[in-house]
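1. what would the 3D arrangement of this be:
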Amino acid sequence: MRLLLITPGFPDDDRRYTPGVVDTLVALAARGHDLDIHTLRAPPARSTTFRGLSITAHVDGPRPLRFARFLGAIAGGTYDAVWCLWPNHTGLAALAAARRLRRPLIASLAGGELERRTELRYGDPRVRRIEYVLKRAAVVTAGAAPLAARARALGIRVEVAPIGVDFEAVALRTSPRASPPRVVVVSDPSPVKRTTMALDAALAISGDVTHFGRARAPHPGVVHRGFVAPGELRRALANFDLLISASAHESQGVVLIEAAYAGLAIAAFDVGVMKELAHMGVPAAIATRTSAAALSAAGRLALAGAVDGARPPREAIAERFSAAGTAARFEEILGRGRGSGRFRGPG
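-> Below you'll find the model as predicted:
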């Protein structure tokens, strides 16, 4: 298939940006699909190639000019389907492209499109605009059940289709649990990640706490490693016993999957794939109250369920979340969307 993929931005250097959906897109390309990727914001600052994927950037000038340049760039193109990620940022452009090209639209929820957490300065107030786009898509996907449920509450038909992870890069935990346990927090300065809560919970469990991610201010008693390239983080996870996340929302939670595959216990709130990982047999505990105390209690519970020498359910995790496996599922979904025929959305 030849796919027109529209995204707000795209990594152009894995030393500065996390891979996000890139592993799955690379796996789709390896399956013989042609992805014509267009970005409407930044990064990258200019058209480029990253991991074999060509990216056309429309990032200069005001939004109407960028929008017009994008539509001009794809005019007359031969595509099987139009696919947009983060439709709160790309949906209208993708909808216009689908109409112009007379091709079906596939929309993938990948963030806080349907969230409205004003207390955390997170989410998007343009729910009606997003709903307008999603109801005109041939297929809508979400990375995990909680986000899919939010979309279904708006009357939108949605399929759970997670993005994948390149597990070959994830080092496996082999050493016995340390005493005190080695705890890791992976987050960024966004208020929705609630980094301070996560670090407070981690320090309540152990004095051996490491934080990966950009932090606005150092947290006493924590080793701050800052932002590291995805490959380095995937190798480093094996050095820890427990991952703690205080995030209030995850469309999926890639780092939760990576930590589970590496063999860590996990404590978090009911976000993204947490329940799914727990059902697979990962020692994962969900905090039921929004506090550092509840999160630290969940961390102790997760550690109690992590038996030294027990083998993590890596086969099940890989079957569900490997880049190759998720690419195959998206291939089926995109093919089904393609089979829906030319664009026939109302309005």
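2. make it CA atoms for all contacts and neighbour counts henceforth
-> Fine.
3. what residues does stretch 31-50 touch?
-> Residues outside stretch 31-50 that contact it (Cα atoms under 8 Å, 6 or more residues apart in numbering): 1-13, 29, 53-59, 66-67, 70, 90.
4. if we go to 7 Å?
-> Residues outside stretch 31-50 that contact it (Cα atoms under 7 Å, 6 or more residues apart in numbering): 1-12, 29, 54-59, 66.
5. what do you get for stretch 183-202?
-> Taking Cα under 7 Å, 6+ apart as the rule, stretch 183-202 contacts 120-122, 208-216, 240-249, 292-293, 295-296.
6. re earlier: which members of the contacts of stretch 31-50 are classed as buried?
-> Neighbour-count burial (16 or more other Cα atoms under 10 Å) applied to the contacts of stretch 31-50 gives 1-12, 29, 55-59, 66.
7. in helices only, show me those.
-> Applying DSSP state H to the buried ones among the contacts of stretch 31-50, the entries found in helices are A29, R66.
8. just the ones of the buried ones among the contacts of stretch 31-50 in strands?
-> Judged by DSSP state E, those include R2, L3, L4, L5, I6, T7, I55, T56, A57 as members of strands.
9. pLDDT weak spots in the stretch 201-347 of the chain?
-> Residues of the stretch 201-347 of the chain that meet the criterion pLDDT under 70 lie in 309, 341-347.
10. one more pass at 90, please.
-> Along the stretch 201-347 of the chain, the parts satisfying pLDDT under 90 run over 214-220, 227, 229-230, 305-312, 335-347.
11. how many neighbours does the closest residue to R152 other than its chain neighbours have?
-> Leaving aside its sequence neighbours, R152 sits nearest to V158 (Cα to Cα, 6 or more residues apart in numbering; 6.7 Å). The number of residues packed near V158 is 22, by other Cα atoms under 10 Å.
12. wait, V158 touches V140, no?
-> Yes - counting by Cα atoms under 7 Å, V158 touches V140, with 4.8 Å between them.
13. now the helices for this protein?
-> Using DSSP H, the helices of the chain run over 22-30, 63-74, 87-101, 127-134, 145-152, 195-205, 230-236, 254-262, 274-280, 292-304, 314-321, 323-339.
14. any chance of those helices in CSV, plus distance to V185?
-> As requested, these are exported to CSV (distance: least, Cα to Cα, whole Å):
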stretch, distance to V185
helix 22-30, 23
helix 63-74, 37
helix 87-101, 28
helix 127-134, 31
helix 145-152, 22
helix 195-205, 7
helix 230-236, 11
helix 254-262, 10
helix 274-280, 16
helix 292-304, 12
helix 314-321, 21
helix 323-339, 24
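15. wait, what's in contact with R314?
-> R314 neighbours (Cα under 7 Å, 6+ apart): Y261.
16. tell me how far it lies from A327.
-> 18 Å (Cα to Cα, to the nearest Å).
17. one more: R129?
-> From R129 over to A327 (counting by Cα to Cα), the distance is 28 Å.
18. these two - which one has more neighbours?
-> Each of R129 and A327 has its neighbours counted (other Cα under 10 Å); A327 has more, 25 against 13.
19. double-check that one against A29; I have them as touching.
-> No - at 9.0 Å, A327 does not count as touching A29 under the criterion of Cα under 7 Å.
20. what comes into contact with stretch 287-297?
-> Outside stretch 287-297, the residues within contact range by Cα under 7 Å, 6+ apart are M197, A198, D200, A201, A202, A204, I205, A267, A268, F269, A298.
21. can you tell me which of those comes closest to Y261?
-> Ranking the contacts of stretch 287-297 by separation from Y261, with Cα to Cα as the measure, puts A267 on top at 14.6 Å.
22. burial check on that closest one, number of neighbours?
-> Count around A267 with other Cα under 10 Å applied: 31.
23. ok, the one 5 residues further on next?
-> Using other Cα under 10 Å, the number of residues around G272 comes to 26.
24. how about it, nearest residue that isn't a chain neighbour?
-> Excluding the flanking residues, the one nearest G272 by Cα to Cα, 6+ apart is Q252, at 4.0 Å.
25. hmm, back to that, can I get the contacts of stretch 287-297 in TSV including distance to P104?
-> As requested, the contacts of stretch 287-297 are exported to TSV (distance: Cα to Cα, whole Å):
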residue	distance to P104
M197	43
A198	42
D200	47
A201	46
A202	47
A204	51
I205	51
A267	40
A268	37
F269	36
A298	44
